[in-house]
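Undergrad: Using only what follows, build the 3D model:
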Amino acid sequence: MNILGDKNFAFLGGALIGIWLLLRYKGKNFKTTFDLLTPALGSGAVIALITCAGGSFGKALAEAGIGSLIEQAARQWEISLMLLAYLTATLIRIAQGSATVSMITTAGIISTALTTMNLPYHPVYLVCVIGFGATGFTWMNDSGFWIFSQMTGLSETQTLKTWTVLLTVMSFTGFLWVLILSSILPLV
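TA: Below you'll find the model as predicted:
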């Protein structure tokens with residue numbers, strides 16, 4: 001059961017079933033089927049490579065002790081932890097591209113500060129701010145950027161002018177709304 005329930009085995013099994021269904025119901029031979037699959041595998045490999053490189057960078061940042069630096073900045077310079085969380089998620093997102101890695105890394109970094117600080121608002125607001133920080137500023141090192149670009153047929157420039165601008169506006173607007181809500185309804 002452990003082998004059958006493993007996510008990698010399930011992914012492989014799903015891919016094999018998909019290939020089998022394509023062979024059976026399209027009536028094509030192996031060579032034609034694999035010729036059809038080659039461009040998709042190439043695109044998927046590039047996306048996986050970019051995402052894995054981003055995950056490695058995020059792990060290196062977490063291991064470097066950035067959390068203690070953020071905590072010191074929040075205390076010594078009296079900068080809002082919410083602003084620092086947003087900026088950290090945003091900078092990690094810009095630097096390495098993956099929103100998921102940005103959120104996970106920033107949460108790990110900010111969690112260090114939560115153990116020693118008393119917040120004037122509920123920690124759920126920090127979660128929201130981290131999510132909004134990791135949402136915007138997508139560009140060419142983000143696999144989502146390429147998926148959107150390829151699926152819509154837009155060029156890189158067009159994707160930057162539409163997708164990137166839209167997500168950046170959503171990110172900043174969400175951050176402002178969280179700031180407003182945390183001051184009106186702190187939920188402490």
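
Undergrad: what's the helix or strand where residue 147 lies packed up against?
TA: Using DSSP states H and E, residue 147 sits in helix 143-152. Helix 143-152 is packed against helix 30-63, helix 156-159, with contacts defined by 3 or more Cβ pairs under 8 Å, 6 or more residues apart in numbering; DSSP states H and E. (Each C-beta comes from the backbone N, C-alpha and C, glycine too.)

Undergrad: nearest to residue 127, of those?
TA: helix 30-63 (17.1 Å; Cβ to Cβ).

Undergrad: chain center to the helix or strand immediately after the closest one in the chain: distance?
TA: Next helix or strand after helix 30-63 toward the C-terminus (DSSP H and E): helix 66-76. How far helix 66-76 lies from its chain's middle: 23 Å, per Cα atoms, centre = their mean, to the nearest Å.

Undergrad: Tell me the first helix or strand C-terminal of helix 66-76.
TA: helix 81-96.

Undergrad: now the following helix or strand past that following helix against helix 66-76, angle please.
TA: Next in sequence after helix 81-96, counting helices and strands by DSSP H and E, comes helix 99-114. Helix 99-114 runs at 50 degrees relative to helix 66-76, counting by axes from the mean of the first three to the mean of the last three Cα atoms, to 10 degrees.

Undergrad: So which residue is smack in the middle of this protein?
TA: For the chain, residue 99 is the residue whose C-alpha lies nearest the centre (Cα atoms, centre = their mean; 1.5 Å).

Undergrad: contacting residues for that residue?
TA: Going by Cβ atoms under 8 Å, 6 or more residues apart in numbering, residue 99 touches 93, 134, 135, 138, 142, 144.

Undergrad: Backbone dihedrals for residue 3, please?
TA: Dihedral angles of residue 3 (phi, psi; degrees, to the nearest 10) stand at phi -70, psi -50.

Undergrad: buried sites along stretch 103-122?
TA: For stretch 103-122, a neighbour-count test (16 or more other Cβ atoms under 10 Å) marks 103, 104, 105, 106, 107, 108, 109, 110, 112, 113, 121 as buried.

Undergrad: Ends of that stretch, what's the gap?
TA: End-to-end span of stretch 103-122 (Cα to Cα, to the nearest Å): 18 Å.

Undergrad: How much space separates the closest residue to residue 26 other than its chain neighbours from residue 13?
TA: Once flanking residues are discounted, residue 26 sits nearest to residue 33: 7.5 Å by Cβ to Cβ, 6 or more residues apart in numbering. Per Cβ to Cβ, to the nearest Å, residue 33 is found 18 Å from residue 13.

Undergrad: So for these two, which sits in the more crowded spot?
TA: Shown here are residue 33 and residue 13; by other Cβ atoms under 10 Å, residue 33 has more neighbours (15 against 12).

Undergrad: ok, that one - contacts?
TA: 19, 22, 23, 26.

Undergrad: returning to what we had before: least confident of the helices and strands packed on helix 143-152, on average?
TA: Ranked by mean pLDDT, the helices and strands packed on helix 143-152 bottom out at helix 30-63, with a mean of 74.
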